[in-house]
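S.K.: return atomic coordinates for the entry below.
(chains A and B)
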Amino acid sequence: KAGVTQTPRYLIKTRGQQVTLSCSPISGHRSVSWYQQTPGQGLQFLFEYFSETQRNKGNFPGRFSGRQFSNSRSEMNVSTLELGDSALYLCASSLETVNSYEQYFGPGTRLTVT
Amino acid sequence: KNQVEQSPQSLIILEGKNCTLQCNYTVSPFSNLRWYKQDTGRGPVSLTIMTFSENTKSNGRYTATLDADTKQSSLHITASQLSDSASYICVGTPLGSARQLTFGSGTQLTVLP
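M.R.: The predicted structure follows:
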């Protein structure tokens, strides 16, 4: 089975712009979670989608949003980018609820905001 | 508030030596505890998952232990290799799908030849 794929792998944006990141989960997985990882804060949970519904959300401002499609692929959008949004954004997929099942991470998208 | 604390923050060992990483957690209600290995610039990879009823679980040279009474876990790496150089992250999983996983800040392990 193919693993979790994320596109693009690297992205450079300017402050104020918006960005959309994409995640394709492992075939058959219905749960997709998104995380932000920075050197100072470590891994922080953004949100989880399950069967096209947002099931759980972390403590991030409304500029961060996401969605999941019927084929379980997910996108994450960040509007009005700030310098502090520079980070590695990781997507992980799980068969069912991430709390009960193993989750598999993608390679991440490295976002740099200048 | 759910928390996961890891120690040490960083560790340097020589190739072939053993090491133990520590994790203290306060996650309630508790479902399971996970250890991940993350190479620089890559996504984390699962090493072990343990429920509260499991005391130990091995994955090759990696052995995780869990003491649910003291809420402590450790990851022991045997006969370290250069490829073990990575960040090791402990994750507390709460019971119930509506609760968030709680990540530790990780231990950065460097294995020197």
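
S.K.: so what's the one residue in chain B that gets nearest to chain A up against?
M.R.: Scanning chain B for proximity to chain A using Cβ to the nearest Cβ identifies B:G43 as nearest, at 3.2 Å. The way it works is simple: take the backbone N, C-alpha and C, and place the C-beta from them, glycine included. By Cβ atoms under 8 Å, 6 or more residues apart in numbering or on different chains, the contact list for B:G43 reads A:4, A:90, A:92, A:105-108.

S.K.: I'd like those residues as CSV, with secondary structure and distance to B:D39 appended.
M.R.: Formatted as CSV, the contacts of B:G43 follow (DSSP: H, G, I helix; E, B strand; the rest coil; distance: Cβ to Cβ, whole Å):
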residue, secondary structure, distance to B:D39
A:V4, coil, 15
A:L90, strand, 13
A:A92, strand, 16
A:F105, strand, 11
A:G106, coil, 14
A:P107, coil, 10
A:G108, coil, 11
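
S.K.: just the buried residues of those residues.
M.R.: Among the contacts of B:G43, those classed as buried by 16 or more other Cβ atoms under 10 Å in any protein chain shown are A:4, A:90, A:92, A:105-108.

S.K.: nearest to A:Y35, of those residues?
M.R.: Nearest to A:Y35, judged by Cβ to Cβ, of these is A:L90 at 4.5 Å.

S.K.: that closest one against A:L43, yeah?
M.R.: Yes: in this structure A:L90 lies within contact range of A:L43 using Cβ atoms under 8 Å: 7.4 Å.
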